[in-house]
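**Student:** Quick check, what structure comes out for this input:
(one chain, ligands or ions: 2)
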Amino acid sequence: MLKRKKISVIGAGFTGSTTAFMLALKELGDVVLLDIPQLENPTKGKALDMLEATPVVGSDVHIIGTSSYEDTANSDLVIITAGMARKPGMSRDDLVTTNANIVRSVTEQVVKFSPNAILLVLSNPVDAMTYVAYKASGFPKNRVIGQAGVLDTARFRTFVAEELSVSVEDVSGFVLGVHGDDMVPLVRYSYVGGIPLEKLLPKDRIDAIVERTRKGGGEIVNLLGNGSAYYAPAASLVQMAEAILKDKRRLLPAIAYLEGEFGYNDLFLGVPCVLGGNGIERIVEIDLLPDEKEALDKSAESVRNAIRVAVGK
Ligand SMILES: NC(=O)c1ccc[n+]([C@@H]2O[C@H](COP(=O)([O-])OP(=O)(O)OC[C@H]3O[C@@H](n4cnc5c(N)ncnc54)[C@H](O)[C@@H]3O)[C@@H](O)[C@H]2O)c1
Ligand SMILES: O=C(O)C[C@H](O)C(=O)O
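**Tutor:** Numbering: from 1, shown residues only. Ligands and ions are numbered 1, 2, ... in the order given. Predicted coordinates:
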């Protein structure tokens, strides 16, 4: 008999609860939503509300809310969204010390009960937080992954589709590097219906889209006023979760541990990855032009600085 997957989402705030609901809508597995003991009742309430939507949408999954890690036992996938979100005027790196402590303690609890899980990290600054989760878990590198590139690429695709008045489905591309202002949208590898983007838009328009993508998170933070984006981040987590849980072997940008790839060592950074049942099945190295490599180096340096603060090195 086919066994249902179990997915735990740690942090039941905006991104955590939206992710839990999207996972349930897609029937990817039973969902456990966990937050701190002080928020146990609201977490239970959110989960029950989602469960009561399942008959309407026709999704046969179970969803519970909890503050107890025992309920997360034997999860196949654990998504970590716990931590502070930034407010207008802050950078993601301003969250590093607070969120490193949260991500470290959450990971230690998670791995006690789910030693074979794959960890998918969202908490910011996410490249450094994925490093913290990796060290705290002791898991092999393929089972610790961070989310940034799917979201950053989604923003890029949205802006290109709007500019050209074409379907978002026909725009492809990928954004590598740090999830911050130094991210690297690879214009040269971006296509619209198979046509290179550079043949469809003048350089100044592409530059404007690249800049808007880099600042995409901040644009939403400024509009919301008291928190950060959650619909597109949740959708991005769910796309990665689906690739892993269904062993789809999708080639997506993901934050992966590098041991020599792209010339970096002992670093988590957004790179093209094949995502499947083992988590990161492999990293796909691509040729970069000197200016692209220089931009990726800057990205890597920015992650190294955040890691130094996160782990106190
Ligand atoms: N990587 C990305 O692309 C991306 C995208 C969106 C948000 N984020 C980050 O994700 C994090 C969550 O964002 P959000 O909008 O959901 O914030 P939020 O404030 O709505 O939710 C965070 C939740 O974490 C919980 N939490 C805090 N400490 C905890 C602990 N020790 N154990 C369990 N739960 C704990 C809080 O109680 C809260 O409910 C932030 O750090 C944000 O910057 C990253
Ligand atoms: O911008 C943020 O702080 C949240 C997230 O990283 C995003 O890109 O939306």
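
**Student:** which stretches of this protein form strands?
**Tutor:** Along the chain, the segments classed as strands by DSSP state E run 6-10, 30-34, 63-66, 77-80, 118-121, 144-146, 171-172, 175-176, 184-185, 191-192, 195-196, 250-259, 265-276, 279-283.

**Student:** Including mean neighbour count, distance to ligand 2 and mean pLDDT, could those strands go into JSON lines?
**Tutor:** For every residue, glycine as well, the C-beta is placed using N, CA and C. Below are those laid out as JSON lines (neighbours: other C-beta atoms under 10 Å; distance: least, C-beta to the nearest ligand atom, whole Å; pLDDT from 0 to 100):
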{"stretch": "strand 6-10", "mean neighbour count": "28", "distance to ligand 2": "17", "mean pLDDT": "98"}
{"stretch": "strand 30-34", "mean neighbour count": "25", "distance to ligand 2": "20", "mean pLDDT": "98"}
{"stretch": "strand 63-66", "mean neighbour count": "22", "distance to ligand 2": "24", "mean pLDDT": "98"}
{"stretch": "strand 77-80", "mean neighbour count": "28", "distance to ligand 2": "14", "mean pLDDT": "99"}
{"stretch": "strand 118-121", "mean neighbour count": "28", "distance to ligand 2": "12", "mean pLDDT": "98"}
{"stretch": "strand 144-146", "mean neighbour count": "28", "distance to ligand 2": "11", "mean pLDDT": "98"}
{"stretch": "strand 171-172", "mean neighbour count": "20", "distance to ligand 2": "19", "mean pLDDT": "98"}
{"stretch": "strand 175-176", "mean neighbour count": "26", "distance to ligand 2": "11", "mean pLDDT": "95"}
{"stretch": "strand 184-185", "mean neighbour count": "26", "distance to ligand 2": "13", "mean pLDDT": "94"}
{"stretch": "strand 191-192", "mean neighbour count": "18", "distance to ligand 2": "23", "mean pLDDT": "98"}
{"stretch": "strand 195-196", "mean neighbour count": "11", "distance to ligand 2": "26", "mean pLDDT": "98"}
{"stretch": "strand 250-259", "mean neighbour count": "22", "distance to ligand 2": "12", "mean pLDDT": "98"}
{"stretch": "strand 265-276", "mean neighbour count": "22", "distance to ligand 2": "12", "mean pLDDT": "98"}
{"stretch": "strand 279-283", "mean neighbour count": "20", "distance to ligand 2": "21", "mean pLDDT": "98"}
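
**Student:** Compile those strands into a markdown table and extend it with columns for distance to ligand 1.
**Tutor:** As requested, the strands of the chain are exported to a markdown table (distance: least, C-beta to the nearest ligand atom, whole Å):
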| stretch | distance to ligand 1 |
| --- | --- |
| strand 6-10 | 5 |
| strand 30-34 | 6 |
| strand 63-66 | 11 |
| strand 77-80 | 9 |
| strand 118-121 | 8 |
| strand 144-146 | 7 |
| strand 171-172 | 19 |
| strand 175-176 | 11 |
| strand 184-185 | 15 |
| strand 191-192 | 23 |
| strand 195-196 | 27 |
| strand 250-259 | 8 |
| strand 265-276 | 10 |
| strand 279-283 | 16 |
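
**Student:** Make CSV from those and add distance to Asp127 to it.
**Tutor:** Listed next are those as CSV, based on distance: least, C-beta to C-beta, whole Å:
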stretch, distance to Asp127
strand 6-10, 18
strand 30-34, 24
strand 63-66, 29
strand 77-80, 14
strand 118-121, 9
strand 144-146, 6
strand 171-172, 23
strand 175-176, 11
strand 184-185, 13
strand 191-192, 26
strand 195-196, 29
strand 250-259, 6
strand 265-276, 5
strand 279-283, 15
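
**Student:** For Gly312, find the nearest of those strands.
**Tutor:** strand 265-276 (15.5 Å; C-beta to C-beta).

**Student:** Could you export the closest one as PDB, CA atoms only?
**Tutor:** Only the C-alpha atoms of strand 265-276 are listed here, as PDB (Å, rounded to 0.1, in the frame of the first residue of the first chain):
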ATOM      1  CA  ASN A 265      34.000  25.400  -0.300                       C
ATOM      2  CA  ASP A 266      32.100  25.000   3.000                       C
ATOM      3  CA  LEU A 267      29.500  27.400   1.900                       C
ATOM      4  CA  PHE A 268      25.700  27.300   1.200                       C
ATOM      5  CA  LEU A 269      24.800  29.200  -1.900                       C
ATOM      6  CA  GLY A 270      22.000  29.300  -4.500                       C
ATOM      7  CA  VAL A 271      23.000  27.100  -7.500                       C
ATOM      8  CA  PRO A 272      21.200  24.900 -10.100                       C
ATOM      9  CA  CYS A 273      20.300  21.600  -8.500                       C
ATOM     10  CA  VAL A 274      18.400  18.400  -9.300                       C
ATOM     11  CA  LEU A 275      15.800  17.900  -6.600                       C
ATOM     12  CA  GLY A 276      14.400  14.500  -6.000                       C
END
